[in-house]
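**Q** Give me a 3D structure for the following:
(chains A, B, C and D)
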Number of protein chains: 2
Amino acid sequence: MARQKSEQVRKAIMEAAHRLFMEKGYIATTISSIARAAGTSQSNVYVYFASKFEIAFAVFDPWLRAKVAELEEQVMAQDTPEACLRSLIDGLLHGIAADRSGQTLTLVQALATAKPGDEYNPDLLIWTMSRIHNMIGGALPGSDPAEREALTHSLMLAFDGIALRQNLRRGEIEDSLSVDALYMMVRALVDRRSHASS
Amino acid sequence: MARQKSEQVRKAIMEAAHRLFMEKGYIATTISSIARAAGTSQSNVYVYFASKFEIAFAVFDPWLRAKVAELEEQVMAQDTPEACLRSLIDGLLHGIAADRSGQTLTLVQALATAKPGDEYNPDLLIWTMSRIHNMIGGALPGSDPAEREALTHSLMLAFDGIALRQNLRRGEIEDSLSVDALYMMVRALVDRRSHASS
DNA sequence: TTTTTAACCGAATGACATTCGCTATTGACA
DNA sequence: TGTCAATAGCGAATGTCATTCGGTTAAAAA
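**A** The predicted model follows:
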């Protein structure tokens, strides 16, 4: 019955936002600058997205899914369970949570400043956890499901921790130390299992 | 040579801020409301603190130190190494990182929205890590220093993760699962050590 | 064509943190 | 004990944002 939203404009807004968030972070990026970079007006941005928060989430979602898919390939390419685990932990924490392009940092800022109405779809979180659970299953076939669940939760916790530090404790703690420590503990847990069964 | 800042006013500002941050969080608390509750003017708040960020940090610092000191007593009161570790992990993660009064949440919000000039003194972080390191030493006398270091880092990482979730993933992930998983891994690491040495 | 809906725009609005210009107090010193 | 200089304290700006409003106009349906 009437004029339709242009896929081109939506894409331009998302691309402009993606670039600006990467360069300046979520907070320092203004709707005005996104609009300018996308070649439209400030108010028109609100025709496509309900809020700044929604833009951040729209940009982050496909980025994270692509990163996780990439990680999955990398993990599957390893031959030993140890190499799989190491690759999973490194890729998840160094590669994604601590990612240099600042996407994770942007999401942390967006979530930290979210207003009561700003809610996000938990699908992404659920999907990510199920992928990790799956990768752990692949790395440790025949392992106890409860143990896989525990490992998944520990990795998600570490993911959040590293993500937070990107922002808050810039350079104050060397992430590699924490990642190595976590890997050491995971190995201890896994080794214990194989000892017990042998 | 001139008028002095009143310790009473400083205290009133900090107490008002403490209460409001607890009730509404950092972002929803305005300087104006802090000033009103403290019985002074908005602009006078800036005579005592350089920024909103600085107020949050001034409130958080003594709160965290007290909490950690309390945790130390609790941990020391345990008899077995297992009980010490369990008490340390529970107290640190459930008691402090996920604390109900919202202090940690406030700090996360403050740090996430910090502007370039807003920097905080790393003393608090260093002090906290050294206390944890110490508690681990007490729980596992004779343990490898490198292992203690690794455990300290893992706990700090988990601390950050839980703190983030207070804000970002409200109720989406059950923290207890993550904490239990972490404890399980720590136990595996510790047990491995005692097996190897026996 | 005509009609009608919603994209699109420029100009508000409303919240805030932070700053400014001024007044009043008070601590040091004569 | 009086003088004065620094600064606590205050009310009123400023400037920056996200978000909304009112009007205009392109384009889908009729």
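**Q** Could I get the pLDDT score of the residue lying closest to residue A:124 once chain neighbours are set aside?
**A** Using CB to CB, 6 or more residues apart in numbering or on different chains and skipping the chain neighbours, the partner closest in space to residue A:124 is residue A:61 (5.4 Å). (C-beta placed from N, C-alpha, C; glycine too.) Looking at residue A:61, its pLDDT reads 97.
**Q** Tell me the secondary structure of residue A:61, please.
**A** helix (DSSP: H, G, I helix; E, B strand; the rest coil).
**Q** Next one: it relative to chain B, how far apart?
**A** Going from residue A:61 to chain B by CB to the nearest CB, to the nearest Å gives 15 Å.
**Q** Any idea how many residues pack against that residue?
**A** 16 (other CB atoms under 10 Å in any protein chain shown).
**Q** And for residue A:145?
**A** When neighbours are counted by other CB under 10 Å, residue A:145 comes out with 9.
**Q** what sits against it?
**A** Contact analysis of residue A:145 by CB atoms under 8 Å, 6 or more residues apart in numbering or on different chains lists nothing.
**Q** Return the residues in contact with the residue nearest the centre of chain A.
**A** Residue closest to the average C-alpha location in chain A (CA atoms, centre = their mean): residue A:64, at 4.8 Å. Listed by CB under 8 Å, 6+ apart, the contact partners of residue A:64 are A:96, A:103, A:124, A:128.
**Q** And the pLDDT for it?
**A** 98.
**Q** As a check, name the ranges of all helices in chain A.
**A** Per DSSP state H, chain A carries helices over the ranges A:7-28, A:31-38, A:42-48, A:52-76, A:81-90, A:103-112, A:123-139, A:145-168, A:175-197.
**Q** Residue A:87: neighbouring residues, count only.
**A** The burial count for residue A:87: 19, using other CB under 10 Å.
**Q** and chain A, which of its residues are near DNA strand C?
**A** Proximity of chain A to DNA strand C, by CB under 7 Å from any atom of the strand, involves residues A:1-6, A:9, A:40-44, A:47-48.
**Q** Looking at the residues you listed, which is nearest DNA strand D?
**A** Distance to DNA strand D across these (CB to the nearest atom of the strand) is lowest for residue A:43, with 3.5 Å.
**Q** With pLDDT added, can I get the residues of chain A next to DNA strand C in CSV?
**A** Shown next, in CSV, are these (pLDDT from 0 to 100):
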residue, pLDDT
A:1, 68
A:2, 80
A:3, 90
A:4, 95
A:5, 96
A:6, 96
A:9, 98
A:40, 98
A:41, 98
A:42, 98
A:43, 98
A:44, 98
A:47, 98
A:48, 98
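**Q** Let me know the closest of these to residue A:163.
**A** residue A:48 (27.0 Å; CB to CB).
**Q** so how far is chain B from the residue nearest to the closest one when sequence neighbours are not counted?
**A** Spatial nearest neighbour of residue A:48, chain neighbours left out: residue A:10 (5.1 Å); criterion: CB to CB, 6+ apart. Distance of residue A:10 to chain B, computed by CB to the nearest CB: 26 Å.
**Q** Looks like the residue nearest to residue A:124 contacts residue A:122 (just checking).
**A** No - if you go by CB atoms under 8 Å, residue A:61 and residue A:122 don't touch, sitting 11.7 Å apart.
**Q** Against chain B, how distant is residue A:192?
**A** Distance from residue A:192 to chain B, by CB to the nearest CB: 5 Å.
**Q** What of residue A:168?
**A** Residue A:168 is 4 Å from chain B, by CB to the nearest CB.
**Q** just residue A:55 next, same as before
**A** Residue A:55 is 17 Å from chain B, by CB to the nearest CB.
**Q** pLDDT score for that residue?
**A** On the pLDDT scale, residue A:55 gets 98.
**Q** Show me how the record splits chain A into domains.
**A** By the assignment in automatic domain parsing, chain A contains the domains A:1-49, A:53-197.
**Q** Pick the most buried one from the ones you listed.
**A** Comparing the domains of chain A by mean neighbour count (mean count of other CB atoms under 10 Å in any protein chain shown), domain A:53-197 comes out on top with a mean of 18.
**Q** Do that one and DNA strand D come into contact?
**A** Yes - with CB under 7 Å from any atom of the strand as the criterion, DNA strand D is reached by domain A:53-197 at A:53, A:115.
**Q** Now do that domain: distance to the chain's middle.
**A** 7 Å (CA atoms, centre = their mean, to the nearest Å).
**Q** now the residues of chain A next to DNA strand C as TSV including distance to residue A:111?
**A** Below are the residues of chain A next to DNA strand C laid out as TSV (distance: CB to CB, whole Å):
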residue	distance to residue A:111
A:1	37
A:2	35
A:3	34
A:4	32
A:5	27
A:6	29
A:9	26
A:40	26
A:41	27
A:42	23
A:43	25
A:44	26
A:47	24
A:48	21
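**Q** Report the two of the residues you listed separated the most.
**A** Using CB to CB, the residues of chain A next to DNA strand C reach their maximum pairwise distance at A:1 and A:42, which is 26.7 Å.
**Q** Ranking helices and strands of chain A by mean pLDDT, which lands last?
**A** helix A:175-197 (a mean of 85; mean pLDDT, DSSP states H and E).
**Q** CA atoms only: put it into PDB for me.
**A** Listed next in PDB are the C-alpha coordinates belonging to helix A:175-197 (Å, rounded to 0.1, in the frame of the first residue of the first chain):
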ATOM      1  CA  ASP A 175      45.000 -12.300  29.200                       C
ATOM      2  CA  SER A 176      47.400 -15.100  28.000                       C
ATOM      3  CA  LEU A 177      48.200 -16.000  31.600                       C
ATOM      4  CA  SER A 178      44.500 -16.500  32.400                       C
ATOM      5  CA  VAL A 179      43.900 -18.500  29.200                       C
ATOM      6  CA  ASP A 180      46.900 -20.700  29.900                       C
ATOM      7  CA  ALA A 181      45.700 -21.300  33.400                       C
ATOM      8  CA  LEU A 182      42.200 -22.200  32.200                       C
ATOM      9  CA  TYR A 183      43.700 -24.600  29.700                       C
ATOM     10  CA  MET A 184      45.800 -26.200  32.400                       C
ATOM     11  CA  MET A 185      42.700 -26.800  34.500                       C
ATOM     12  CA  VAL A 186      40.700 -28.200  31.600                       C
ATOM     13  CA  ARG A 187      43.500 -30.600  30.900                       C
ATOM     14  CA  ALA A 188      43.600 -31.700  34.500                       C
ATOM     15  CA  LEU A 189      39.900 -32.500  34.400                       C
ATOM     16  CA  VAL A 190      40.200 -34.400  31.200                       C
ATOM     17  CA  ASP A 191      43.300 -36.300  32.200                       C
ATOM     18  CA  ARG A 192      41.700 -37.300  35.400                       C
ATOM     19  CA  ARG A 193      38.800 -38.900  33.500                       C
ATOM     20  CA  SER A 194      41.100 -40.900  31.200                       C
ATOM     21  CA  HIS A 195      43.200 -42.100  34.200                       C
ATOM     22  CA  ALA A 196      40.100 -43.200  36.000                       C
ATOM     23  CA  SER A 197      38.800 -45.100  33.000                       C
END
